[in-house]
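Visitor: What shape does this take:
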Amino acid sequence: MSLIDETTPSRQRGVSSTRHRFDLTLSENPFPPLPSVLRAVNATLAQANRYPEFLPTRLPTLIAQHLGVQQDQVVVGSGATGVALQIMQSLTTPGAGLVCATPTFDGYPIMAEMAGLEVVPVPLDPSGNQDLVAMTKAIDKRTGLVVVCRPHNPTGTVLPVSALKAFLCDVPARVPVILDEAYVEFVGAADQLDIFALLNRHPNLLVLRTFSKAYGLAGLRIGYAFGRREIITGVRRLQLPFGVSSAASAAVAASYAAEPELAARIMHITTEREALRAALRRCGITAPPSQANFLFLPGPGVATALRRAGIAAKAYPDGSARISVGDPDADRAVLQALAALR
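Guide: Residues are numbered from 1 along each chain as shown. Predicted coordinates:
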């Protein structure tokens with residue numbers, strides 16, 4: 001069986017809805033998995049008649065070894081959303097508050113409702129950053145969980161290290177904090193965190209990551225969180241039996257082995273992102289600096305202009321839009337659609 005050409009962005013292969021020229025709604029990696037990853041996944045299909053592990057051991061062990069932590073400090077699940085829901089259901093009680101920025105990743109309000117939590121939304125500051133001072137003030141005795149995204153979704157902005165450290169010191173130790181790093185692989189070296197120093201200092205901290213974005217494995221639904229053993233043990237209580245496929249473990253192992261190739265893809269995506277942002281700025285559309293694989297395009301009228309050009313984007317009530325980047329043809333279509341808007 002021939003493998004898909006790895007250089008062909010998936011949204012040009014008819015994967016997206018036929019109603020749109022380009023589907024840029026989900027901040028997906030525009031490229032299919034690397035050939036070595038596809039071979040590893042295909043090899044597992046010959047055993048698809050067999051169940052995977054009852055409770056996952058191989059996958060958390062692979063991730064733990066890669067991170068340099070113990071296996072019992074990692075919990076895995078169906079994408080970062082699946083792990084986030086496990087966290088909510090295991091570490092909070094119905095009726096508790098979930099403090100987060102707004103707008104944020106759509107999944108958090110949805111999962112909060114499923115877990116019976118009350119979302120306490122805190123507006124972003126004028127620069128598109130999470131307002132940590134206001135978030136601190138929003139924490140009260142009813143707060144059961146706090147979520148901080150770095151980079152933030154949908155703006156792509158990155159909180160300064162010093163501000164995040166100060167915020168974590170202000171959060172009561174009884175309140176778990178999810179540090180959502182779904183896009184961490186796109187963050188520049190100068191803005192990377194010493195995540196282990198933070199975990200050592202803050203036992204209530206959980207770091208949430210995914211293989212959906214930089215690794216391009218969104219369809220396999222592989223996410224994980226890591227933190228102190230004591231808090232991860234609580235989350236693992238809700239581990240779904242047979243819930244992690246053998247293909248997921250094979251894909252992660254192959255992806256780790258192919259990191260130089262993945263790094264080249266990340267460089268391609270970030271280069272395209274900066275080129276598009278600069279071109280839009282020349283047209284009068286100023287997107288916040290992003291360290292993710294998407295751009296946030298302030299409204300009004302942006303989402304409508306993209307839709308009229310046959311480009312699906314994540315739209316917001318004020319007319320703003322978030323678009324995936326990295327596919328040169330899609331980026332050119334976005335620029336053409338918005339060039340006359342300002």
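Visitor: Tell me where the stretch 51-200 of the chain has helices.
Guide: Applying DSSP state H, counting those that start in this stretch to the stretch 51-200 of the chain gives helices spanning 58-67, 79-91, 107-115, 132-138, 161-170, 195-201.
Visitor: how far off helix 107-115 does the longest one point, in degrees?
Guide: Which is helix 79-91. If you take axes from the mean of the first three to the mean of the last three CA atoms, to 10 degrees, helix 79-91 sits at 40 degrees to helix 107-115.
Visitor: so who does Cys283 touch?
Guide: 335, 338-339, 341-342 (CB atoms under 8 Å, 6 or more residues apart in numbering). Using the backbone N, CA and C atoms, a C-beta is placed for each residue, glycine as well.
Visitor: my bad, Ala337
Guide: So Ala337 contacts 305-306, 308-309, 311 (CB under 8 Å, 6+ apart).
Visitor: List only buried entries from the contacts of Cys283.
Guide: 335, 338, 341 (16 or more other CB atoms under 10 Å).
Visitor: Narrow the residues you listed to those in helices?
Guide: Applying DSSP state H to those, the entries found in helices are 335, 338.
Visitor: Adding pLDDT and distance to Ala101 as columns, could you present the buried ones among the contacts of Cys283 in a markdown table?
Guide: A markdown table is the format used below for the buried ones among the contacts of Cys283 (pLDDT from 0 to 100; distance: CB to CB, whole Å):
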| residue | pLDDT | distance to Ala101 |
| --- | --- | --- |
| Leu335 | 95 | 28 |
| Leu338 | 94 | 26 |
| Leu341 | 77 | 27 |
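Visitor: Quick one: the buried ones among the contacts of Cys283 as a markdown table, columns for distance to Tyr183 too.
Guide: Listed next are the buried ones among the contacts of Cys283 as a markdown table, based on distance: CB to CB, whole Å:
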| residue | distance to Tyr183 |
| --- | --- |
| Leu335 | 22 |
| Leu338 | 23 |
| Leu341 | 26 |
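Visitor: Pick out whichever of the buried ones among the contacts of Cys283 sits closest to His20.
Guide: If you rank the buried ones among the contacts of Cys283 by distance to His20 using CB to CB, Leu338 comes first, at 15.9 Å.
Visitor: ok, that closest one touching Arg308?
Guide: No - counting by CB atoms under 8 Å, Leu338 does not reach Arg308; the two are 10.7 Å apart.
Visitor: what's the angle between the longest helix that the chain contains and helix 58-67?
Guide: The longest helix of the chain (DSSP H) is helix 259-282. Angle, helix 259-282 to helix 58-67, by the same axes, to 10 degrees: 80 degrees.
Visitor: since we're on Arg237, how many residues are nearby?
Guide: Using other CB atoms under 10 Å, Arg237 has 11 neighbouring residues.
Visitor: Skip the chain neighbours and tell me the closest residue to it.
Guide: Ser90 (5.6 Å; CB to CB, 6 or more residues apart in numbering).
Visitor: Looks like that neighbour contacts Val235 (just checking).
Guide: Yes - assessed by CB under 8 Å, Ser90 is found in contact with Val235 at 4.9 Å.
Visitor: between the two, which one's more packed in?
Guide: Neighbours were tallied for Ser90 and for Val235 using other CB under 10 Å; the higher tally belongs to Val235 (22 against 19).
Visitor: The more buried one: which element?
Guide: Using DSSP states H and E, Val235 falls within helix 229-236.
Visitor: Out of the helices of the stretch 51-200 of the chain, flag the one nearest Ala258.
Guide: helix 58-67 (12.7 Å).
Visitor: Test my guess that Arg142 contacts Gly97.
Guide: Yes - in this structure Arg142 lies within contact range of Gly97 using CB under 8 Å: 4.8 Å.
Visitor: so where's this structure shaky on pLDDT?
Guide: 1-19, 342 (pLDDT under 70).
Visitor: need the contact list for Asp72.
Guide: Neighbouring residues of Asp72 by CB under 8 Å, 6+ apart: 229, 232-233.
Visitor: Now do the same contact list for Lys213.
Guide: By CB under 8 Å, 6+ apart, the neighbours of Lys213 are 27-29, 182-183, 185-186, 292-293.
Visitor: returning to that earlier point: ok, of the contacts of Asp72, which come out buried?
Guide: Ile232.
Visitor: Closest one of the contacts of Asp72 to Val161?
Guide: Looking across the contacts of Asp72 and measuring by CB to CB, the closest to Val161 is Ile232, at 23.8 Å.
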